[in-house]
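Undergrad: okay, sequence plus prediction incoming.
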Amino acid sequence: MRSAIVGLVVGAAWLQVQASLPHYSIIAFLFAVACLLAVMARRSSLHRFRIPLFAGMGALLGFVWAALFAQYYLAAELPKNLEGRDITVVGTIDSMPAYFERGVRFNFAVEKVLPLEGVTPVIPSRLALSWYAAFHADEVQELADVQPGERWQLTVRLRRPHGNANPHGFDYEMWLLEQNVRATGYIRPDQTGLKNVRLDNFVFSFNNIVERCRSRLRERVQNILRDRPYAGVIVALVVGDQRAISQW
């Protein structure tokens, strides 16, 4: 059994070094071979044959499992025809907001998408959004006070995630994939669509409780330390938010 577990890990790691994901037909073939190896291992009377058979079965199953998960998550991307269009969504803020000079960023769990030209668009279930105080010089938009767990109706403009071309830099696209975020965008001012409005102050869920507590704790630490040079480090140690640490 240990050989099968080791094989499972090796198979999952094997997928990570592939240049592209295998087609579903190849995945089905590898799964069939894994089942055949499992039957052969169970029927083999020689112990020295059972170990490599179980290891091979585990490697194939690990590869198949990782490939199916990758296919599932990569398929949930924003359709190209919806990039740059105003879409009205209803959902909850499910991460701590990150404030910057011109606005605030947060992750948004989509619960409902309002129809667009009579058709309900299909978009990813989790978005990374930016809310700017004023996106253009001639626009007036107050910076919203957002908290984790709040339900909002927002008009957003989305695009597919894009990382930097530098192979040695931070892989932003991979980081978003790890967060199950398959689209990024910004919130449009009220006058360009339906009004951006808070619908509920808190939507009960375990994740929302955790994120709201982290946000409140971060606020308390920041209020106490204020402009101290080590404030960002303390916040990172207390709640795991490293965004306030200055780059040195």
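TA: Yep, it's here. Numbering: from 1, shown residues only.

Undergrad: residue contacts, the nearest residue to residue 51 once chain neighbours are set aside?
TA: In space, and not counting its chain neighbours, residue 51 is closest to residue 3: 4.8 Å by CB to CB, 6 or more residues apart in numbering. All C-beta spots, glycine's among them, are computed from the backbone N, C-alpha and C. Neighbouring residues of residue 3 by CB atoms under 8 Å, 6 or more residues apart in numbering: 51, 52, 54, 55, 58.

Undergrad: mind checking which of the residues you listed are buried?
TA: With burial judged by 16 or more other CB atoms under 10 Å, the buried subset of those is 51, 54, 55, 58.

Undergrad: which residues in this protein form strands?
TA: 86-93, 98-100, 103-113, 126-132, 151-159, 183-187, 197-200 (DSSP state E).

Undergrad: give me the buried positions along the longest helix seen in the chain.
TA: In the chain, taking DSSP state H as the definition, the longest helix is helix 47-75. Buried residues in helix 47-75, counted by 16+ other CB under 10 Å: 50-51, 53-67, 70.

Undergrad: what packs against the worst-scoring helix or strand of the chain on mean pLDDT?
TA: Every helix and strand in the chain was compared by mean pLDDT, DSSP states H and E; the lowest is helix 172-178, with a mean of 79. If you count contacts as 3 or more CB pairs under 8 Å, 6 or more residues apart in numbering; DSSP states H and E, helix 172-178 packs onto no helix or strand.

Undergrad: hang on, the earlier thing: run the chain-centre distance for the longest helix of the chain.
TA: Computed by CA atoms, centre = their mean, to the nearest Å, the chain-centroid distance of helix 47-75 equals 25 Å.

Undergrad: let's number from 90 now, not from 1
TA: Yep, numbering from 90; the last one is helix 136-164 now.

Undergrad: for that helix, packing partners?
TA: Using 3+ CB pairs under 8 Å, 6+ apart: helix 136-164 touches helix 91-105, helix 113-132.

Undergrad: so what angle separates the directions of that helix and helix 113-132?
TA: 160 degrees (axes from the mean of the first three to the mean of the last three CA atoms, to 10 degrees).

Undergrad: now do helix 136-164, average pLDDT.
TA: For helix 136-164, mean pLDDT rounds to 85.

Undergrad: show me where pLDDT drops low in this structure?
TA: Along the chain, segments meeting pLDDT under 70 span 90, 134-137, 223-232, 252-258, 280-282, 333, 335-337.

Undergrad: domains in it, by residue range?
TA: Domain ranges of the chain: 91-164, 177-292, 296-337, per automatic domain parsing.

Undergrad: the nearest residue to residue 241 once chain neighbours are set aside: how many residues sit nearby?
TA: By the measure of CB to CB, 6+ apart, the closest residue to residue 241 outside its immediate chain neighbours is residue 287, 5.5 Å from it. The local packing of residue 287 (other CB atoms under 10 Å) involves 15 other residues.

Undergrad: pretty sure residue 287 is touching residue 236, no?
TA: No: Residue 287 is beyond contact range of residue 236, at 9.4 Å (criterion: CB atoms under 8 Å).

Undergrad: residues contacting residue 194?
TA: Neighbours of residue 194 in contact, by CB under 8 Å, 6+ apart: 186, 187, 217, 218, 219, 220.
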